[in-house]
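*Asks:* Quick one, fold the following:
(one chain, ligands or ions: 1)
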Amino acid sequence: MITVENLTKTYGQYRAVDDVSFVCRPGQVTGFLGPNGAGKSTTMRIIAGLTPADSGSATIGGVRYHDIPNPGTQVGVLLDASAQHAGRTGREILAIGAQTMGLSSSRVDEMLELVALTPSESKRRLRDYSLGMRQRLGIAHALLGDPKILILDEPANGLDPAGIHWMRSLLRTYADRGGTVLLSSHLLHEVQIIADELIVIGQGRIVAEGSKDELLAGAGTLVKAVDEQRLAAVLSGAGIAATPAANGGLQADADPAAVGRVVAGTDVVLTELRPADGAGLEEMFLQLTSDTQRENTTIQGASA
Ligand SMILES: Nc1ncnc2c1ncn2[C@@H]1O[C@H](COP(=O)(O)OP(=O)(O)OP(=O)(O)O)[C@@H](O)[C@H]1O
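*Replies:* The predicted structure follows:
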C-alpha cells in the first residue's frame, strides 16, 4: 500500500505539490491523471525517495522509500525510461540491476522475455533504443526484483497499440495477483480502461479522487438515433437535459435505462445507447484541471 499524506513541495515561489493525500491499495491499479506540470512526476519522485518533500509524508507499506531494505525487491519504479546509462546494452542494465538486488542472472532472461525484447535487441545500446523499447526495458527493470508495488510514470508513452495492449494485460494480471500499481498518464482513454481508482491532480492539488465507476457514474448517457432532432425533442419532453456529444449523438443527463424507457414508447429509432464513460472522463479532466479550477472543491468518491 502506498500512503501519501499532506505532501507539499515548493520550488522557489511555486508550489508544485500542494497538500496532496491519497492511498493506493493492493489489488488495484490507481491512475494518476493531470495535465502537464500538474505535479504528478514530482509526487512520484517524492514517493520513490528521489525528491525531498517540504512537508507531509509518503510511505510504502508504512515505511519511507529510503528505509526499505533492498527497495527494488519491494517497489518497482519507472520514472524516466531514458534515465539509464545510454552506452550500456539493455541486457547489461538489467544484469547490473539483478546484481545490485542480489538476484540470479536467470531473472534477466525472464524479464527480457516478459517484455518481449529479443536477444538481438537486448544487445543493443540504450542510445539506439526507440522510446517504446526503452519503456519495455524500464518495465523489465521495475519488475526485476518481483516487487509487490509498482510506480510507473507515463509507462505507455512511446508504446505502439500492441504494446499498450500488452502493458494493460501485464498490469491487470499484476494487480489481480495482489500487486499495487500507481500509474500516471495523459492518455485518458488508456487510464480509463486500465485503472480501478483515479486521482486527478491540477496545479499541484488533487481535484478528484475515487473509484473509476463512481467518478464516471455521473457522466450520463450517450444516445444516437436516426432522427436526432426528434430524439432531442422526446428527451426534452420527458425533462431529460441533453447536449450534442463531441462525436455525434447526444449526451443525456440520465442513466441509459431512464433514456431507454423514455424512448421505448415513441417512434424514435435508436442506433446507440450506452453510458457516456469516455466523454465523461475527458470532460471531467478538462473541467477539473482548467486554469481557473485551482480553488475547486475536491470531488470525493465514497471508497477513496
Ligand atoms: N527541479 C525543479 N525545479 C523547479 N521546478 C520544478 C522542478 N521539478 C518540477 N518543477 C515544476 O513543478 C511543476 C510540476 O512538475 P511535474 O513534473 O511534477 O508535473 P507533471 O504533472 O509530471 O507534468 P508532465 O505531465 O508534463 O510530466 C511544474 O511547474 C514544474 O515546472
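*Asks:* Local confidence estimate at Gln293?
*Replies:* With respect to pLDDT, Gln293 has a value of 45.
*Asks:* Can you verify Thr243 is assigned to a helix?
*Replies:* No: under the criterion used here (DSSP: H, G, I helix; E, B strand; the rest coil), Thr243 is strand, not part of a helix.
*Asks:* Check the spacing between it and Gly220 real quick.
*Replies:* Note on Thr243: its distance to Gly220, by CB to CB, to the nearest Å, is 9 Å. Where C-beta positions appear, they are placed from N, C-alpha and C, glycine not excepted.
*Asks:* Return the set of buried residues in whichever helix or strand Glu121 is part of.
*Replies:* Secondary structure assignment for Glu121, by DSSP states H and E: helix 119-122. By neighbour count on 16 or more other CB atoms under 10 Å, the buried set for helix 119-122 is 121-122.
*Asks:* ok, now stretch 17-31?
*Replies:* Per 16+ other CB under 10 Å, stretch 17-31 contains these buried residues: 17-18, 20-24, 28-31.
*Asks:* what's in contact with stretch 184-196?
*Replies:* The contact list for stretch 184-196 (CB atoms under 8 Å, 6 or more residues apart in numbering) reads 28-36, 40-41, 44, 152-156, 164, 168, 171-172, 175, 183, 198, 211-212, 216, 277-278, 281-282, 285.
*Asks:* So which residues of this protein form helices?
*Replies:* Secondary structure of the chain (DSSP state H): helices at 40-47, 90-101, 106-114, 119-122, 131-143, 161-176, 188-194, 212-217, 228-237, 256-264, 277-289.
*Asks:* Could you export these as JSON lines, including mean pLDDT and distance to Gly204?
*Replies:* Shown next, in JSON lines, are these (pLDDT from 0 to 100; distance: least, CB to CB, whole Å):
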{"stretch": "helix 40-47", "mean pLDDT": "96", "distance to Gly204": "8"}
{"stretch": "helix 90-101", "mean pLDDT": "93", "distance to Gly204": "32"}
{"stretch": "helix 106-114", "mean pLDDT": "94", "distance to Gly204": "35"}
{"stretch": "helix 119-122", "mean pLDDT": "92", "distance to Gly204": "39"}
{"stretch": "helix 131-143", "mean pLDDT": "93", "distance to Gly204": "26"}
{"stretch": "helix 161-176", "mean pLDDT": "92", "distance to Gly204": "26"}
{"stretch": "helix 188-194", "mean pLDDT": "81", "distance to Gly204": "19"}
{"stretch": "helix 212-217", "mean pLDDT": "77", "distance to Gly204": "20"}
{"stretch": "helix 228-237", "mean pLDDT": "94", "distance to Gly204": "40"}
{"stretch": "helix 256-264", "mean pLDDT": "93", "distance to Gly204": "36"}
{"stretch": "helix 277-289", "mean pLDDT": "65", "distance to Gly204": "11"}
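*Asks:* In CSV, list those helices along with distance to the ligand.
*Replies:* Shown next, in CSV, are those (distance: least, CB to the nearest ligand atom, whole Å):
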stretch, distance to the ligand
helix 40-47, 3
helix 90-101, 23
helix 106-114, 26
helix 119-122, 27
helix 131-143, 14
helix 161-176, 18
helix 188-194, 13
helix 212-217, 19
helix 228-237, 37
helix 256-264, 33
helix 277-289, 10
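*Asks:* quick one on the thing from earlier: can you flag the buried ones in the contacts of stretch 184-196?
*Replies:* Neighbour counting over the contacts of stretch 184-196 (16+ other CB under 10 Å) leaves 28-35, 40-41, 44, 152-156, 164, 168, 171, 175, 183, 198, 211-212, 216, 277-278, 281, 285 as the buried ones.
*Asks:* For Ile60, find the nearest of the helices of the chain.
*Replies:* With CB to CB as the criterion, Ile60 lies closest to helix 40-47 of the helices of the chain, at 7.0 Å.
*Asks:* What would that closest one look like as PDB? C-alpha coordinates only.
*Replies:* The C-alpha coordinates for helix 40-47 follow below in PDB (Å, rounded to 0.1, in the frame of the first residue of the first chain):
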ATOM      1  CA  LYS A  40       2.400  14.000 -11.000                       C
ATOM      2  CA  SER A  41       6.100  13.300 -11.500                       C
ATOM      3  CA  THR A  42       7.100  15.400  -8.500                       C
ATOM      4  CA  THR A  43       4.700  13.400  -6.300                       C
ATOM      5  CA  MET A  44       6.000  10.100  -7.700                       C
ATOM      6  CA  ARG A  45       9.600  11.200  -7.300                       C
ATOM      7  CA  ILE A  46       8.900  12.100  -3.600                       C
ATOM      8  CA  ILE A  47       7.300   8.600  -3.100                       C
END
